[in-house]
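Enquirer: Provide a 3D model corresponding to the input given below.
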Amino acid sequence: MLARLLHVIKTYWIVVIIGAVVMGMVLYMSNQNKAIIELEADIKTTNELVADAKKTRSDLDKEFDAKAHRTAIKERTVSAKEVGKEIIAVDNILTAFYKTNEPLPENKEEKEALFAKLEEAKAKNTELTGAKESDHIKTWQLNPEWTLTLESVVTYQDTNHVPVVFSMKTKDGKAAGLIYAIYDVNDHSLNNISHHYTTHGLQDEIDVGGM
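Expert: Residues are numbered from 1 along each chain as shown. Okay, the predicted model is just below:
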């Protein structure tokens, strides 16, 4: 009887132990699965953060591309210098015509050539500055013996509006005045033009038209 009781107790404890081991394994596997799920979630989040970081860096590289910036600045500078040459040529022609005491040529062909050149200059002046017919006589230079020079070009990042400065000197090399303007790169035009003359420049003005 005692032996049978001991056998039953032994069997019971074996079952209990096996059950405990099984439960332990189930709990362990459950915890492992949970850890794996959490790890996979962390990996996914990390990958997303890495992808975002790469994209942000790429955007920053594009935004602050020094080489592209230098190229854009160079292009705007070259373009501004080109418009400077064009407007100087135009103003020289207009000044030579409207600010002179010289009579018109008597030769018909010479006179026609002179007026044809004048019309081209007026058309270019309108193209570059928006000048109307009545504005062409308002030349930057007040004397055909003056010298008009593009002094400076100032360019900035992320803008197509370039400040430019022109200087004017009299025949004897004295400062006659300054011209300030804003060059619009997109329209290839000069806007917000302002004229500033020195006392010597105003005293050296010639206002006798060629008409």
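Enquirer: drop to CA atoms for contacts and neighbour counts, all remaining ones
Expert: OK.
Enquirer: count of residues packed around Asn143?
Expert: Here the number of neighbours of Asn143 (other Cα atoms under 10 Å) works out to 25.
Enquirer: and it, what helix or strand is that in?
Expert: Assigned by DSSP states H and E, Asn143 belongs to no helix or strand.
Enquirer: what's the burial count for the closest residue to Glu133 other than its chain neighbours?
Expert: Distances taken as Cα to Cα, 6 or more residues apart in numbering put Lys122 closest to Glu133, at 7.9 Å, once the chain neighbours are dropped. Applying other Cα under 10 Å, we find 22 residues neighbouring Lys122.
Enquirer: quick one: Lys122 and Asn192, what's the gap?
Expert: 19 Å (Cα to Cα, to the nearest Å).
Enquirer: my read: the residue nearest to Glu133 touches His136, true?
Expert: Yes: with contact defined as Cα atoms under 8 Å, Lys122 counts as touching His136 (6.4 Å).
Enquirer: between those two, what contacts are shared?
Expert: Common neighbours of Lys122 and His136, using Cα atoms under 8 Å, 6 or more residues apart in numbering, are Leu94.
Enquirer: Output the below-cut-off pLDDT ranges for the chain.
Expert: 1-72, 157-158, 207-211 (pLDDT under 70).
Enquirer: now the helices for it?
Expert: 2-63, 66-98, 108-129, 199-203 (DSSP state H).
Enquirer: for the shortest one, which positions count as buried?
Expert: If I follow you right, that is helix 199-203. Under the neighbour-count criterion of 16 or more other Cα atoms under 10 Å, helix 199-203 has Gly201 buried.
Enquirer: how about the CA coordinates for that helix, as CSV?
Expert: This file holds the C-alpha atoms of helix 199-203, laid out as CSV (Å, rounded to 0.1, in the frame of the first residue of the first chain):
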residue,chain,number,x,y,z
THR,A,199,28.5,119.9,-59.1
HIS,A,200,31.3,119.7,-61.7
GLY,A,201,29.1,117.3,-63.7
LEU,A,202,26.2,119.7,-63.7
GLN,A,203,28.4,122.6,-64.7
